[in-house]
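S.K.: from the sequence below, what's the structure:
(chains A, B and C)
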Amino acid sequence: MLELRLVQGSLLKKVMEAIKELVTDANFDCSASGFSLQAMDSSHVALVALLLRSEGFEHYRCDRNISMGMNLNNMSKMLKCAGNDDIITIKADDGSDTVTFMFESPSQDKISDFEMKLMDIDSEHLGIPEAEYHAIVRMPSSEFARICKDLSSIGDTVVISVTKEGVKFSTRGDIGTANIVCMQNTTVDKPEEATVIEMNEPVSLTFALRYMNSFTKATPLSNTVTISLSNELPVVVEYKIAEMGYVRFYLAPKIEEDEDETKPQV
Amino acid sequence: MLELRLVQGSLLKKVMEAIKELVTDANFDCSASGFSLQAMDSSHVALVALLLRSEGFEHYRCDRNISMGMNLNNMSKMLKCAGNDDIITIKADDGSDTVTFMFESPSQDKISDFEMKLMDIDSEHLGIPEAEYHAIVRMPSSEFARICKDLSSIGDTVVISVTKEGVKFSTRGDIGTANIVCMQNTTVDKPEEATVIEMNEPVSLTFALRYMNSFTKATPLSNTVTISLSNELPVVVEYKIAEMGYVRFYLAPKIEEDEDETKPQV
Amino acid sequence: MLELRLVQGSLLKKVMEAIKELVTDANFDCSASGFSLQAMDSSHVALVALLLRSEGFEHYRCDRNISMGMNLNNMSKMLKCAGNDDIITIKADDGSDTVTFMFESPSQDKISDFEMKLMDIDSEHLGIPEAEYHAIVRMPSSEFARICKDLSSIGDTVVISVTKEGVKFSTRGDIGTANIVCMQNTTVDKPEEATVIEMNEPVSLTFALRYMNSFTKATPLSNTVTISLSNELPVVVEYKIAEMGYVRFYLAPKIEEDEDETKPQV
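M.R.: Predicted coordinates:
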């Protein structure tokens, strides 16, 4: 028996919008500690990891570990039917091949039940080792999304270079070149507007803009984004989910002189 | 000689948007009592009835009964050229094959005349008998529109079931099932937010969502919608037009086990 | 060496949106007095003239006259990457085949450099003689844009007729006819809402609505538009740019009984 009641149901709607462009079908893993997902994107280049900790739910009952295979597009269709202020409860009976999403309006005068068929999905859970990163950039998520979108109008890849002073995003295309520098800036009115750089050594890595743009679909989840970079490690682009977890995207850097997209080495 | 002056011209613009998806060509009937229309949709499944009573016009002159055939798409193109605060006057000379829409801006410094050709349209006027309905539901029109749109992402038909406690909208499709229950709720701050159920006996009827979604194009006309249901009678979905009339949509229920759309028996 | 620093960078973004639908490639001419452009549209029917006077720039350095050929679509892609509050600087070294657009965010913590390749473009500069116009209409630019758009839903051409009392815009199409009259109106709360007519003699001229609609892409540049009309002269549709210049569009009237678009005689 599974029953997870999330008062701020809009979070689940936003999670779905954040990952459904990258992932088509995935197993949601439910245990006593939380509700999580790990999945490669359909071209097996990027990795998505989601965690919603049990403490973040108003009510969290998960009698035994369970893995539920869902089509994210169908799940998104159902969650779109929840109002932004609705409470969402995820329910599944033991051994059932369906999951139920229940939406309660704030005034409790509208109750919806959406029942979705589950799928069998083969998946291997990758262990993601803790790593030391050469540089960690925290910046406003909307700024990062804007930069990825802007550079996409010029080129296909972005070089992210971090120094103590700031982070530079560069691209090159048929019509010219573009360089955008965001300076470290901690003297802002609101902490979420800061650009903070922790750096052990300078890094300069190249990534496909197409994936970066997909990652920024998670922008509504958080005011800030954290980008962790090391040579020869996949970049981690992380969006925190209000005190209860995160969505993390992993993407391997492109090797210099190599025009093909390479698989992440997580 | 016909001359109908409507101070709140935006009503006519909204009426056009409400019905032009269903009806292509139709006769507008003008008499001393009002301006009206009755038409089947192009697939002859749904019926639309419009009434704008003469008292609702600032000036209403209609010397003799006249029926004017109009292409609603063209009429809509012209009415879209009226500002939302414009006064709209409909004018036609006796025996003329054109109708003129005059738009006056509130400050009277912009006056527009749009002259449209009339058409000959065969139509038979159906008598719609007064009927007793088993159940009448009044609810916020935006809520009804949202439900029809949401269910359309899951299935093609909606079962509307009314009990004393509430009204349930259900559908079923390839990806699963959905049930949305709206409770009777009369203790709301604003009367237009109430969900009120008058029921003589329980009903449960099935309708094509495609038509229901077309009917909800009338949502901007009124904050509330009234849904009148009886077994073996077409449902009536009614939007009142500010003290001067209504748009009513009639749609026959689908017979159980029958996958085809059936014609209304009005 | 060229270096032009424009504090209100959004003006340059709006100029680009105003002209890029009409003009694909064009030479920007830079001299001590200002930054300007003159170009025919791609079908050689309409003429665009832009002037940004040097006084309007915070910093203006232009060591010698220079003509820079740019693809306006590419230039627009780059300028779209500037924030609406950004300061924009245009830079070019002597003899360089590139131009650089630099964007500085108001807080100076984001600096972008976009470098674009220049093109060789053949162009002849047309002398536009000063002319006396029979009638000059000044009206709200949004009103003019609305009228051109509305009439386009009925017909392909507009007849603009000016009398002392007002200006009439007329069209005719398959579904009917339309006449929109804007009265002279100088007793308005805000000067930019006035419709002012200066007339020496009545004029009535016919123009292709397609071009008029393209001209109205300049609407965000100015609250008012000035339309100067004379028989047998191209109409001038002018949008002032905040104290520093203008965008002017020239279009030859269509000759009566002549259904083809004629070239402007500037």
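S.K.: sketch out the low-pLDDT regions of the stretch 1-150 of chain A for me.
M.R.: For the stretch 1-150 of chain A, no stretch is flagged by pLDDT under 70.
S.K.: can you list the residues of it near chain B?
M.R.: Residues of the stretch 1-150 of chain A found near chain B (CB under 8 Å from any CB of the partner chain) are A:71, A:74, A:77-78, A:80-81, A:98, A:107-117. Placement of C-beta: from N, CA and C, glycine included.
S.K.: in helices only, show me the residues you listed.
M.R.: A:Asn74, A:Lys77, A:Met78 (DSSP state H).
S.K.: OK, contacts around the first one?
M.R.: Applying CB atoms under 8 Å, 6 or more residues apart in numbering or on different chains, one finds that A:Asn74 lies in contact with A:Met116, B:Ile175, B:Gly176.
S.K.: redo that, cut-off 6 Å
M.R.: A:Met116, B:Ile175 (CB atoms under 6 Å, 6 or more residues apart in numbering or on different chains).
S.K.: which SSE is A:Val225 in?
M.R.: strand A:224-229 (DSSP states H and E).
S.K.: downstream of that strand, the next helix or strand is which one?
M.R.: Counting by DSSP H and E, what follows strand A:224-229 is strand A:235-241.
S.K.: between the ones in helices among the residues of the stretch 1-150 of chain A next to chain B, which is closest to B:Asp94?
M.R.: A:Lys77 (55.4 Å; CB to CB).
S.K.: which non-adjacent residue is nearest that closest one?
M.R.: Of all residues not flanking A:Lys77 in the chain, B:Ser153 sits nearest, at 4.6 Å (CB to CB, 6 or more residues apart in numbering or on different chains).
S.K.: surely that neighbour is in contact with A:Met78?
M.R.: No - if you go by CB atoms under 6 Å, B:Ser153 and A:Met78 don't touch, sitting 7.9 Å apart.
S.K.: comparing those two, which residue is more hemmed in?
M.R.: A:Met78 (24 against 18; other CB atoms under 10 Å in any protein chain shown).
S.K.: and A:Gln184, what is it in contact with?
M.R.: A:Gln184 neighbours (CB under 6 Å, 6+ apart): A:Gly166, A:Thr195, A:Ile197.
S.K.: if we use 10 Å, what do you get?
M.R.: A:137, A:139, A:162-167, A:194-199, C:109 (CB atoms under 10 Å, 6 or more residues apart in numbering or on different chains).
S.K.: could you measure it against B:Pro140, distance?
M.R.: Remark: distance between A:Gln184 and B:Pro140 (CB to CB, to the nearest Å) = 50 Å.
S.K.: A:Val7 too?
M.R.: With CB to CB as the criterion, A:Val7 and B:Pro140 are 24 Å apart.
S.K.: and A:Thr177, by the same measure?
M.R.: For A:Thr177, the distance to B:Pro140 - CB to CB - is 54 Å.
S.K.: quick one: which of the two has more around it?
M.R.: More crowded of A:Thr177 and B:Pro140, by other CB under 10 Å: B:Pro140, with 20 against 17.
S.K.: surely the more buried one meets B:Thr216?
M.R.: No - B:Pro140 lies out of contact with B:Thr216 (CB atoms under 10 Å); the separation is 11.7 Å.
S.K.: what's the overlap in contacts for those two?
M.R.: With CB under 10 Å, 6+ apart, B:Pro140 and B:Thr216 have common neighbours B:Arg146, B:Val225.
S.K.: how about the residues of chain A by chain C?
M.R.: A:139, A:143, A:146-147, A:149-151, A:153-154, A:166, A:168-185, A:187-188, A:193-195 (CB under 10 Å from any CB of the partner chain).
S.K.: which parts of the helix or strand hosting A:Ser142 are buried?
M.R.: Taking DSSP H and E as the criterion, A:Ser142 maps to helix A:141-152. Within helix A:141-152, the residues that count as buried by 16 or more other CB atoms under 10 Å in any protein chain shown are A:Ser141, A:Ser142, A:Glu143, A:Phe144, A:Ala145, A:Arg146, A:Ile147, A:Cys148, A:Asp150, A:Leu151, A:Ser152.
S.K.: between that helix and strand A:235-241, how big is the angle?
M.R.: 140 degrees (axes from the mean of the first three to the mean of the last three CA atoms, to 10 degrees).
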